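**Q** Just need the structure, nothing else, for what follows:
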Amino acid sequence: MSKMITYVVTYEHGRWVSRCPGGEVDGVGVASSLSQLERDLAGIHAWAWPEEPPGVEFVFDLPAEAAEVVAEYSREKELAEAHTKRAAELAVKAAKVLTSHWSEPDTARVMGLSKQRVHQLKVSA
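**A** Model (predicted):
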């Protein structure tokens, strides 16, 4: 896929509706599920651009209450992913430091991990 085509998606009268504000695709897509909508649009792309069909990207135009909770969820998910990444980095560092003083089983007990996991952390790059 060389590029993405962005669609603004809304939920109207029991159906998902897509519009292409960039003008690459005319008309409106309608489907009962987002999966079906994405498949339909991918099919249109494959037909319109057989050599290199662009991908499908959705931007959701949600009611204010839903948009607010989705935005909050997205922020928290991003923070959680950052914390998970940092915790993984610290696990490697801790395993290397602790095993330089103690055995892998003792390090595992201190860290609350299995000794196999401590070994994996210790030998990781």
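**Q** Kindly confirm my reading that Lys96 forms part of a helix.
**A** Yes - residue state for Lys96 (DSSP: H, G, I helix; E, B strand; the rest coil) corresponds to a helix.
**Q** For it, give me its contacts.
**A** Residues near Lys96 by CB atoms under 8 Å, 6 or more residues apart in numbering: Leu121, Lys122. For the C-beta atoms, the positions are set from N, CA and C on the backbone; glycine is no exception.
**Q** mind redoing it with 10 Å?
**A** Residues in contact with Lys96 (CB atoms under 10 Å, 6 or more residues apart in numbering) are Thr107, Val118, Leu121, Lys122, Val123, Ser124.
**Q** Could you tell me which of those residues belong to helices?
**A** Under the assignment DSSP state H, those contribute Thr107, Val118, Leu121, Lys122, Val123 to helices.
**Q** With adjacent residues omitted, what lies nearest to the second one?
**A** Distance criterion CB to CB, 6 or more residues apart in numbering; nearest residue to Val118, sequence neighbours excluded, is Ala108 at 4.4 Å.
**Q** didn't that neighbour look like it was pressed against Arg117?
**A** Yes - between Ala108 and Arg117 there is a contact under CB atoms under 10 Å: 7.1 Å.
**Q** Between the two, which has more neighbouring residues?
**A** Ala108 (21 against 15; other CB atoms under 10 Å).
**Q** per-residue confidence for the more buried one?
**A** Listed pLDDT for Ala108 reads 97.
**Q** ok, now the one 5 residues further on?
**A** Reading off the per-residue confidence, Leu113 sits at a pLDDT of 97.
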